[in-house]
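Trainee: Sequence below, structure please.
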Amino acid sequence: MSSSIQDVAKAAGVSISTVSRSFTRPTLVSEKTRERVLAAADRLNFSLSRSAAALKSGRALRVAVLMSGHIRLWFTASVIEGLNDVFHAEGYDISVFQVSSIEERKEFFDMLPVRRNADAVIVVSFDIDNEETAQLATVGVPIIGINTADAAQHGFAAAVTINDEQGSTLAARHLINLGHRNIAYIRTDRDVSLSFSVRGRFDAFTERCRQEGIEPQVIVCKVDDAGHYRIGDVVTQLMSLPDMPTAIACQEDGIALPLMFQLERNGLSVPGDVSLIGYDDSFYTDDIGLTTIRQDPVDMAHTAARMTMDLINGRDVDQPFHEIPPQLIVRSSTTRPSD
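Mentor: Residues are numbered from 1 along each chain as shown. Sure, this is the predicted structure:
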């Protein structure tokens with residue numbers, strides 16, 4: 001016979017409500033008490049019914065996460081990891097809604113009336129308009145942004161965003177200060193309406209170059225149906241230019257890392273023949289010496305998740321709109337142009 005919540009409460013020497021909170025709202029229980037409750041539950045092979053807990057609390061114990069692009073991408077996967085770190089400890093599940101096209105975007109917002117089974121909605125890297133914000137508001141739960149444009153003006157309850165304008169300015173200034181004038185910028189062909197951060201990086205980089213009288217050559221990196229970057233096509237475009245750029249800036253490390261290997265495979269030395277800078281400071285950048293712009297999506301997600309829990313529980317958020325400064329990480333892939 002399976003044990004009941006009453007059995008666990010008796011074994012742990014606590015009330016039934018304390019057992020329930022230990023599973024569903026652990027921050028309201030001391031660590032020592034929660035450990036005692038969980039130990040008793042393990043001995044008695046007890047698990048709290050999430051449906052019962054949700055019914056009792058009047059909550060779904062779920063957060064809906066709207067994301068653009070492929071989940072396996074470094075930034076997206078890191079955000080999910082950071083959100084889960086916080087929500088799992090709070091007894092919450094995450095429902096991820098992946099939107100990779102305009103059609104999927106329209107379907108998501110059209111289906112909102114049947115997606116009210118969440119206690120909050122987190123929007124990741126989406127540049128949503130006022131009409132879509134109004135549609136989200138009909139769900140009647142807090143809306144929190146991660147890398148969302150003009151979150152306060154769009155009616156979000158809270159948001160955490162990296163300053164991409166500053167990050168791309170740092171990247172451009174670094175290359176210019178090294179003496180580079182023939183610069184290329186590699187961007188993707190993703191629909192900019194799905195990811196404002198990508199657009200912000202490109203605009204800021206080109207603007208900083210133009211202030212110095214430099215017009216960067218723009219190379220578009222295509223993405224195949226499986227979401228893989230077609231780096232070979234990028235190399236072909238670069239090698240077909242009248243003059244090979246002395247420096248290349250990439251929209252993200254996911255382009256810069258394979259591009260470094262492809263350039264060297266084609267007989268070009270990094271940074272001897274061409275300097276290379278990425279954006280993200282993702283996996284392996286330190287190992288291969290890629291200069292890049294650092295951001296920490298796991299930490300951003302932690303901040304967003306903690307604010308989400310405060311809003312769900314009716315607590316005030318002291319600083320609902322966070323802007324995170326990026327950092328230039330100089331490694332061995334950039335240097336002065338050769339004479």
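
Trainee: roughly how far out does stretch 231-239 sit from the chain middle?
Mentor: 28 Å (CA atoms, centre = their mean, to the nearest Å).

Trainee: got it, and stretch 244-255?
Mentor: 21 Å.

Trainee: now the strands: where do they sit in this structure?
Mentor: 62-68, 93-99, 120-124, 143-146, 158-162, 183-188, 217-221, 247-250, 275-277, 292-294, 321-324, 327-329 (DSSP state E).

Trainee: Can you report how many residues lie near the residue nearest to E165 when sequence neighbours are not counted?
Mentor: Nearest residue to E165, sequence neighbours excluded (CB to CB, 6 or more residues apart in numbering): A204, at 4.2 Å. The way it works is simple: take the backbone N, C-alpha and C, and place the C-beta from them, glycine included. A204 has 20 neighbours, counted by other CB atoms under 10 Å.

Trainee: which residues sit in contact with A204?
Mentor: Listed by CB atoms under 8 Å, 6 or more residues apart in numbering, the contact partners of A204 are 164-169, 172.

Trainee: Now compare these and name the two farthest from each other.
Mentor: Maximum pairwise distance among the contacts of A204 (CB to CB): 12.3 Å, between D164 and A172.

Trainee: Which parts of the stretch 201-339 of the chain are helices?
Mentor: Assigned helices in the stretch 201-339 of the chain, in chain order: 231-239, 253-265, 285-288, 297-312 (criterion: DSSP state H, counting those that start in this stretch).

Trainee: Show me what the longest one is in contact with.
Mentor: When you say that, I think you mean helix 297-312. Contacts for helix 297-312 (CB under 8 Å, 6+ apart): 27, 59, 63, 74-75, 78-83, 85-87, 90, 92, 119-120, 122, 141-142, 144-147, 157-160, 162, 316-317, 320, 322, 324.

Trainee: ok, now with 6 Å
Mentor: 75, 78-79, 81-83, 86-87, 90, 119-120, 142, 144, 146, 157-158, 160, 317, 322 (CB atoms under 6 Å, 6 or more residues apart in numbering).

Trainee: What of the second one?
Mentor: When contacts are taken as CB under 6 Å, 6+ apart, the neighbours of helix 253-265 outside the stretch itself are 186, 221, 229, 231, 235, 250, 270, 276, 278, 280, 282, 285, 290, 292.

Trainee: Can you add neighbour count, distance to R43 and pLDDT and give those residues back as a markdown table?
Mentor: As requested, these are exported to a markdown table (neighbours: other CB atoms under 10 Å; distance: CB to CB, whole Å; pLDDT from 0 to 100):
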| residue | neighbour count | distance to R43 | pLDDT |
| --- | --- | --- | --- |
| I186 | 25 | 57 | 96 |
| C221 | 21 | 55 | 92 |
| Y229 | 21 | 51 | 86 |
| I231 | 21 | 54 | 94 |
| V235 | 18 | 61 | 95 |
| C250 | 30 | 54 | 97 |
| V270 | 22 | 58 | 96 |
| L276 | 25 | 57 | 98 |
| G278 | 28 | 51 | 97 |
| D280 | 27 | 45 | 93 |
| S282 | 23 | 43 | 92 |
| T285 | 20 | 46 | 95 |
| L290 | 26 | 50 | 98 |
| T292 | 29 | 49 | 98 |
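
Trainee: quick one: which of those is nearest S100?
Mentor: Y229 (14.5 Å).

Trainee: For that closest one, name its beta-bridge partners.
Mentor: For Y229, the beta-bridge assignment (DSSP bridges) gives partners V223.

Trainee: Okay, now the unreliable bits of the protein?
Mentor: 1-3, 47-60, 69, 112-116, 190-197 (pLDDT under 70).
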